[in-house]
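Engineer: how would this look folded up:
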Amino acid sequence: MYATKNFIRRRTKCGTNNILRFLLITGIFLLSINWMRGGISGKIYFNWSYDTTEDADGYNEFSINRLYFTFEKKLNDNIKIKLTGDIIKPSDENAWFSYQKYAYLQWNTGFGNLLFGMQGMNVFNVAEKTWGYRFIEKSSMDKHKFASSAGMGIGYKRTLWKNVFLHLTLTNGTGYKKAEDDKYKKLAVMLVKGEKTLSKNPGYNAGLVWTTEPYAFNASDSANTVVRYKNVLALFAGFAKDDFRLGGDFSQFSDGGSEVTEQIIAVYGNYFMTKLASLYFLYDNYDPYVGLQSDGVTSIIIGVNLVPARGLNIAPNIRYRIPESGKSELSEIILNFEFRF
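Structural biologist: A predicted model of the protein is given here:
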């Protein structure tokens with residue numbers, strides 16, 4: 001009888017604990033939903049592509065290239081936090097990879113805005129917003145890996161005087177997909193005059209970007225370790241008015257260890273035929289080594305962007321590849337989609 005009473009007492013206590021645990025978890029979940037309400041957004045990049053090159057033999061596929069989930073909330077009038085998850089399936093992989101792209105706090109002060117944590121870089125973000133179609137193709141400096149779009153560190157933003165904006169970052173230099181691998185840091189400076197988001201607002205902009213990142217270098221003919229630098233210098237400009245938008249950038253990446261200088265000349269534009277349909281193009285001339293002849297490649301994208309409903313973009317396009325030496329060809333026919341919420 002005593003054992004039976006103890007068993008019943010333990011079962012009752014266990015059941016009570018489970019109920020309390022369930023109520024606690026449910027309460028935390030509901031409080032979290034209420035706290036996050038209105039601060040969640042996301043983007044999905046879906047596409048169908050048809051490879052027209054001879055080696056592809058008519059290969060075509062459906063794919064989801066990117067998923068972004070963002071939570072953003074103001075803690076008070078001066079402080080906000082932003083978290084963005086980046087889920088990607090690289091073209092050369094069969095698996096999906098998940099990364100924390102943004103995880104930072106922004107503190108707005110009287111002398112500028114300070115950012116701490118995993119944050120957006122300042123190298124090509126203005127050019128990307130002038131191009132305006134990230135779901136169709138990356139901006140040229142992003143595509144050719146002149147810099148990462150995010151990094152771990154600290155940032156500073158400030159309007160110096162009318163229409164002139166300064167953005168400084170000091171980051172780990174490895175981006176947001178790799179862990180920090182040395183003691184050195186990457187300094188990036190952006191100065192821009194004018195409107196920074198021409199894909200949404202009319203106006204103009206012009207600016208420059210400079211980055212430098214030291215690293216330890218061992219020459220093959222020497223046992224000594226020296227410090228070399230990876231540098232980026234870029235100039236960009238854009239203009240938007242009424243139904244027309246045009247932009248361009250010129251950038252060079254140099255590696256002091258390999259003595260290789262890469263170069264990009266990019267031009268991009270958009271024309272709104274109606275509120276729901278626009279024409280766009282992207283011209284990208286990439287030279288992987290300025291010191292060599294006939295190694296450059298020009299890529300051209302031409303297409304139409306349709307907006308049949310809020311949160312949905314449908315963008316059919318064709319892509320040409322024109323090498324300095326070799327055969328020019330229509331390389332792909334693609335139907336890009338962007339879903340936003």
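Engineer: what's around the nearest residue to K275 once chain neighbours are set aside, how many residues?
Structural biologist: Leaving aside its chain neighbours, K275 sits nearest to V307 (7.8 Å; criterion: C-beta to C-beta, 6 or more residues apart in numbering). Bear in mind the C-beta positions are built from the backbone N, C-alpha and C, glycine included. If you count neighbours by other C-beta atoms under 10 Å, V307 ends up with 16.
Engineer: Okay, V307 and R319: tell me how far apart.
Structural biologist: 21 Å (C-beta to C-beta, to the nearest Å).
Engineer: circling back: the residue nearest to K275 is in what secondary structure piece?
Structural biologist: strand 297-309 (DSSP states H and E).
Engineer: Show me the contact partners of that strand.
Structural biologist: 133, 136-137, 270, 275-286, 313-324, 331 (C-beta atoms under 8 Å, 6 or more residues apart in numbering).
Engineer: what lines up beside that strand in the sheet?
Structural biologist: Applying DSSP bridges, strand 297-309 is found paired with strand 277-287 (antiparallel), strand 312-323 (antiparallel).
Engineer: So for that strand, what gets flagged as buried?
Structural biologist: T298, S299, I300, I301, G303, N305, V307 (16 or more other C-beta atoms under 10 Å).
Engineer: repeat for stretch 209-216
Structural biologist: Applying 16+ other C-beta under 10 Å to stretch 209-216 flags V209, T211, T212, E213, P214, Y215 as buried.
Engineer: Flag the shaky bits of the stretch 101-250 of the chain, pLDDT-wise.
Structural biologist: Flagging of the stretch 101-250 of the chain using pLDDT under 70 yields the residue ranges 220-222.
Engineer: Mind doing that once more with 90?
Structural biologist: Scanning the stretch 101-250 of the chain for pLDDT under 90 picks out 161-162, 173, 175, 177-182, 216-227.
Engineer: Tell me which stretches of it form helices.
Structural biologist: Using DSSP state H, counting those that start in this stretch, the helices assigned to the stretch 101-250 of the chain run over residues 125-131, 140-143.
Engineer: can you dump the C-alpha coordinates of the first one into CSV?
Structural biologist: Listed in CSV are the C-alpha atoms of helix 125-131, where the atom choice follows Å, rounded to 0.1, in the frame of the first residue of the first chain:
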residue,chain,number,x,y,z
ASN,A,125,25.9,47.6,-51.6
VAL,A,126,25.2,50.9,-53.3
ALA,A,127,26.0,49.5,-56.7
GLU,A,128,23.8,46.5,-56.0
LYS,A,129,20.9,48.8,-55.2
THR,A,130,21.5,50.8,-58.4
TRP,A,131,21.4,47.5,-60.4
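Engineer: So which residues lie in contact with that helix, not counting its own?
Structural biologist: 134, 138-142, 149, 190, 192, 196-200, 205, 207, 234, 236, 238, 240, 245, 247, 249, 266, 268, 282.
Engineer: Check stretch 276-283 too.
Structural biologist: 131-133, 136-137, 266-273, 298-308, 315, 317.
Engineer: sorry, back to before: turn the strands paired with strand 297-309 into JSON lines, columns for mean pLDDT and distance to Y176.
Structural biologist: Below are these laid out as JSON lines (pLDDT from 0 to 100; distance: least, C-beta to C-beta, whole Å):
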{"stretch": "strand 277-287", "mean pLDDT": "97", "distance to Y176": "23"}
{"stretch": "strand 312-323", "mean pLDDT": "97", "distance to Y176": "25"}
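Engineer: so of these, which one's packed in deepest?
Structural biologist: Highest mean neighbour count among the strands paired with strand 297-309 (mean count of other C-beta atoms under 10 Å): strand 277-287, with a mean of 18.
Engineer: just so I know, which of the strands paired with strand 297-309 lies nearest G257?
Structural biologist: strand 277-287 (19.1 Å; C-beta to C-beta).
Engineer: packing partners for the helix or strand harbouring E72?
Structural biologist: Using DSSP H and E, E72 sits within strand 60-74. Other helices and strands packing on strand 60-74, by 3 or more C-beta pairs under 8 Å, 6 or more residues apart in numbering; DSSP states H and E, are helix 2-36, strand 40-51, strand 79-88.
Engineer: Please point out which parts of the shortest one sit buried.
Structural biologist: Yep, that's strand 79-88 we're talking about. Residues of strand 79-88 classed as buried by neighbour count (16+ other C-beta under 10 Å): K80, I81, K82, L83, T84, G85, D86, I88.
Engineer: Please name the strands paired to it in the sheet, noting orientation.
Structural biologist: strand 60-74 (antiparallel), strand 97-109 (antiparallel).
Engineer: could you redo those strands as JSON lines and give each row distance to N163 and mean neighbour count?
Structural biologist: As requested, the strands paired with strand 79-88 are exported to JSON lines (distance: least, C-beta to C-beta, whole Å; neighbours: other C-beta atoms under 10 Å):
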{"stretch": "strand 60-74", "distance to N163": "26", "mean neighbour count": "15"}
{"stretch": "strand 97-109", "distance to N163": "19", "mean neighbour count": "16"}
